[in-house]
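> Sequence first, then the predicted structure, then my questions.
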Amino acid sequence: MGRLGLAIVVLAAWIAALGWQARRVFFPAEAQRLALGVTTLPPGVAYYAVFRGEVRAGWAQVEIDTLPAASGFRVRDRVLLDLSSLGVAGRSERSAEEYLDSRLNLDSLIHTSVVGDDTVGIRVVFDGDSVIRLYDPTGRQTGRVSVSGSVTTPSGWRLRLAAAGLAEPGRTYGVTVFDPLVAGVRPQEIEILEAASLAFPDSADTDSISGAWIPVREDTVRAWRVRSGSGGEAREAWIDEDGRLVDGDIFGGLRVERTAFELAFFKRPGAAPVALSTERNQQGEPE
């Protein structure tokens, strides 16, 4: 091989190496993109007003924390309802504490539901690659669920959507989700419908006339409208760039709207947190 041929070979190899490096940096594989994106997910707390139809039924909050040594995330959510909005006396509370690994798959969770004087709880541990073990609040094992492949949660797939850059309108992908309400896993299809900028109240002050909390400033986020599930089980929600709900359907025919802390929790300044049961006015705030 002459000098010219050798030079061509060396140049071709150099271009190929440069192309590979550029592809690795600018077009990472999905696993690499997820690993990088997970490191950018910020911890924080989001607050929500909860509605059933047009009736204010309660409040909710979702708190996301990073675990030590970048080993994953802890997601804690709480939904408190005033059952009188549903025609029943009393209150209901649903809380969950999820532990997700560094790939946003389920590691373990604790789920508790309280309706009146009745409390039901479940603890879930993902044991290896193929078994989810179920325990009652006393620590007694009550069952096991065989699985194949990774399993996540509703919080997990929303965070993954943001971290892996999967939120592209028109894209559809599937996940396997553990549902604590039925103590089982189910495949779930996620469809990205559209993208938009959404605004929600992020601070509040008291109204000088009524004394009620009113919004005084808004935050604007980039968000995607997502449909999950199918048929009668389908839900739609807006999810922001950090994988947090902005507005959307949750369980039991309920819907949440992200808002400021005071607007989610309190009816009047100085009052204790309450689950309101009032209709929204034209501005969407509790009367």
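Everything's here; your move.
> Where does pLDDT dip in the stretch 101-250 of the chain?
For the stretch 101-250 of the chain, residues meeting the criterion pLDDT under 70 lie at 230-232.
> what ranges do the strands span in this protein?
44-52, 55-66, 72-82, 91-101, 106-115, 118-127, 131-135, 141-146, 172-179, 184-206, 213-228, 235-240, 245-249, 255-259 (DSSP state E).
> so what's residue 196 up against?
222-223, 225, 238 (CB atoms under 8 Å, 6 or more residues apart in numbering). Where C-beta positions appear, they are placed from N, C-alpha and C, glycine not excepted.
> which one of the residues you listed is nearest residue 134?
Nearest to residue 134 among the contacts of residue 196: residue 238, at 32.2 Å, using CB to CB.
> ok, residue 129 - contacts?
By CB under 8 Å, 6+ apart, the contact set of residue 129 is residue 149.
> ok, now how distant is it from residue 62?
28 Å (CB to CB, to the nearest Å).
> from the contacts of residue 196, which would you call buried?
223, 225, 238 (16 or more other CB atoms under 10 Å).
> Give me whichever of the strands of the chain is most buried.
strand 255-259 (a mean of 23; mean count of other CB atoms under 10 Å).
> That one packs against which elements?
Contacts defined by 3 or more CB pairs under 8 Å, 6 or more residues apart in numbering; DSSP states H and E place strand 255-259 against strand 44-52, strand 184-206, strand 245-249.
> With distance to residue 259 added, can I get those in TSV?
Output for the helices and strands packed on strand 255-259, formatted as TSV (distance: least, CB to CB, whole Å):
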stretch	distance to residue 259
strand 44-52	5
strand 184-206	5
strand 245-249	10
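> The residue nearest to residue 105 when sequence neighbours are not counted: neighbouring residues, count only.
By the measure of CB to CB, 6 or more residues apart in numbering, the closest residue to residue 105 outside its immediate chain neighbours is residue 150, 4.5 Å from it. Burial measure for residue 150: 15 neighbouring residues, criterion other CB atoms under 10 Å.
> again, but for the one 4 residues further on
Using other CB under 10 Å, residue 154 is surrounded by 23 other residues.
> Find the nearest non-adjacent residue to it, please.
Residue 154's closest residue in space is residue 177 (CB to CB, 6+ apart), at 6.4 Å.
> Equivalent analysis for residue 96, please.
Excluding its sequence neighbours, the residue lying closest to residue 96 (CB to CB, 6+ apart) is residue 111, at 4.7 Å.
> Test my guess that the one you found contacts residue 179.
No. With contact defined as CB atoms under 8 Å, residue 111 does not count as touching residue 179 (9.7 Å).
> Model confidence for residue 6, exactly?
pLDDT, residue 6: 52.
> and the residue nearest in space to the middle of the chain, how far is that from residue 130?
Nearest to the mean C-alpha position of the chain, by CA atoms, centre = their mean, lies residue 155 at 3.3 Å. Per CB to CB, residue 155 is found 23 Å from residue 130.
> Same check on residue 214?
Residue 214 is 53 Å from residue 130, by CB to CB.
> Over to residue 117?
Residue 117 is 38 Å from residue 130, by CB to CB.
> the more surrounded of these two?
The neighbour comparison of residue 117 against residue 130 (other CB under 10 Å) goes to residue 130, with 12 against 6.
> Hmm, residue 145 and that one touching each other?
No. Contact criterion CB under 8 Å: residue 130 and residue 145 do not qualify, at 9.7 Å.
> ok, residue 136 - contacts?
Contacts of residue 136 (CB under 8 Å, 6+ apart): 121-123, 142.
> tell me which of the residues you listed is nearest to residue 71?
For these, the nearest to residue 71 is residue 123 (19.5 Å; CB to CB).
> is residue 93 in a bridge, and if so with what?
residue 80, residue 114 (DSSP bridges).
> Touching, it and residue 79? I think so.
Yes. Residue 93 lies in contact with residue 79 (CB under 8 Å); the separation is 7.0 Å.
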